[in-house]
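**Student:** dropping the sequence and predicted coords here.
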Amino acid sequence: MRQLQSTRNTMPRIVAILPAAGFGTRMGADSPKQFRLLSGVPVIVFTLRRLAQCPAIDEFLIATRGDDIESLATRLAEEQFDRPVRVVRGGDTRQESVRNALAEVPANTDLVLVHDAVRPLVTREQAERVISEAEVRGAVILGIPAMDTVKEVKRASLPGDVALITATIPRERVVLAQTPQAFHASLLRAAFAQAAADGMTASDEAGLVERMGRDVYVVLGAERNLKITRPGDLALAEFYLAEERAGR
Ligand code: C5P
């Protein structure tokens, strides 16, 4: 790890961005999923505690909705993290939230790691793997193999739940993207600038870097690194946690 040569010839400076401005409509709950409780702790706090186990990260930037900035900052201050944690204003899309946070990343930052606030079971090992590979390769994400057969369809959500299949994508050519995703800061900034110029939106940061024609690599993630999205996901996360605590 830490092979990137910083201009200051010291350890690379690494900033983590956590987009946490989602509305959580798919969850069917009142509060957005990043504020639901996992083992009695708001998911965003849980996620941050896990990510903070990675000592290589120098600073954390959390993008959340305007109404939640103050209360989240107050809650996170209680955690007394040993590194700076800043809460900034998110946007209407995940990409906008990350863009807003990226604008706050200090200029001397070498590497930016982006992690969904709603993936609370991320491990220190996963964060470190992505960081060390990204230092060498420039752009690296976590991903897992697809267990189901993947079909391309004309439209993913047709009224009446019927869609027309246009292709079958060989499973061995598919991975499901997770976070963390880590990038040389200059590359990620360039990708966001290009996306803004073209009016492009992608559902993850890697998508923006790929469309610049730059290589993005994937390392093995884990089923347990789930994204709290649907009803039932919190219960599943509690189950995985219990397994983890039991050493399984
Ligand atoms: O919407 P999705 O489930 O893909 O959200 C992934 C992450 O992006 C979540 O942590 C969510 O809070 C965040 N997000 C955001 N701003 C939005 C929408 C989603 O920060 N406008």
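**Tutor:** Structure's in. What do you need?

**Student:** only C-alpha atoms from now on, for both contacts and neighbour counts.
**Tutor:** Noted.

**Student:** for this structure, what's the longest strand?
**Tutor:** If you go by DSSP state E, the chain has its longest strand at strand 175-184.

**Student:** mind listing what H184 touches?
**Tutor:** 110-112, 134-135, 138-139 (Cα atoms under 8 Å, 6 or more residues apart in numbering).

**Student:** just put those residues in a markdown table and tack on secondary structure and pLDDT.
**Tutor:** Putting the contacts of H184 into a markdown table (DSSP: H, G, I helix; E, B strand; the rest coil; pLDDT from 0 to 100) gives the following:
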| residue | secondary structure | pLDDT |
| --- | --- | --- |
| D110 | coil | 98 |
| L111 | strand | 98 |
| V112 | strand | 98 |
| A134 | helix | 98 |
| E135 | helix | 98 |
| G138 | coil | 98 |
| A139 | strand | 98 |
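
**Student:** least confident secondary structure element in the protein?
**Tutor:** strand 150-153 (a mean of 92; mean pLDDT, DSSP states H and E).

**Student:** pLDDT weak spots in the chain?
**Tutor:** 1-9, 24-29, 156-159 (pLDDT under 70).

**Student:** one more time with 80
**Tutor:** By pLDDT under 80, the weakly predicted segments of the chain are 1-10, 24-30, 155-161.

**Student:** what does it put close to the ligand?
**Tutor:** Remark: the part of the chain in contact with the ligand comprises 19-22, 34, 63, 90-94, 97, 116-118, 229, using Cα under 6 Å from any ligand atom.

**Student:** the residue lying farthest from the centre of the chain is in what secondary structure piece?
**Tutor:** For the chain, the residue at maximal distance from the C-alpha centroid (Cα atoms, centre = their mean) is G160, at 32.1 Å. G160 belongs to no helix or strand when elements are defined using DSSP states H and E.

**Student:** from the ligand, how far out is it?
**Tutor:** 23 Å (Cα to the nearest ligand atom, to the nearest Å).

**Student:** and the helices in the protein?
**Tutor:** Along the chain, counting by DSSP state H, helices occupy 43-51, 69-78, 94-102, 124-137, 185-198, 205-210, 233-245.

**Student:** nearest to V219, out of those?
**Tutor:** helix 124-137 (7.3 Å; Cα to Cα).

**Student:** ok, and what's touching the closest one?
**Tutor:** Contacts for helix 124-137 (Cα under 8 Å, 6+ apart): 1-4, 50-51, 53-54, 56, 111, 113, 139-142, 180-184, 216-217, 219, 221.

**Student:** please name the nearest non-neighbouring residue to V43.
**Tutor:** Nearest residue to V43, sequence neighbours excluded (Cα to Cα, 6 or more residues apart in numbering): Q34, at 5.0 Å.

**Student:** please tell me how far the one you found sits from V118.
**Tutor:** In this view, Q34 and V118 are 5 Å apart by Cα to Cα, to the nearest Å.

**Student:** identify the contacts common to the two.
**Tutor:** Contacts common to Q34 and V118, judged by Cα under 8 Å, 6+ apart, are 20, 43-44.

**Student:** hmm, back to that, in a markdown table, list the helices of the chain along with mean neighbour count.
**Tutor:** Putting those into a markdown table (neighbours: other Cα atoms under 10 Å) gives the following:
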| stretch | mean neighbour count |
| --- | --- |
| helix 43-51 | 22 |
| helix 69-78 | 14 |
| helix 94-102 | 23 |
| helix 124-137 | 20 |
| helix 185-198 | 17 |
| helix 205-210 | 20 |
| helix 233-245 | 15 |
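
**Student:** closest one to M147 among those helices?
**Tutor:** helix 233-245 (17.8 Å).

**Student:** so what does the closest one touch, helix or strand wise?
**Tutor:** strand 37-38 (3 or more Cα pairs under 8 Å, 6 or more residues apart in numbering; DSSP states H and E).

**Student:** which neighbouring elements make contact with the strand it packs on?
**Tutor:** helix 233-245.

**Student:** surely L37 touches I44?
**Tutor:** No. With contact defined as Cα atoms under 8 Å, L37 does not reach I44; the gap is 9.1 Å.
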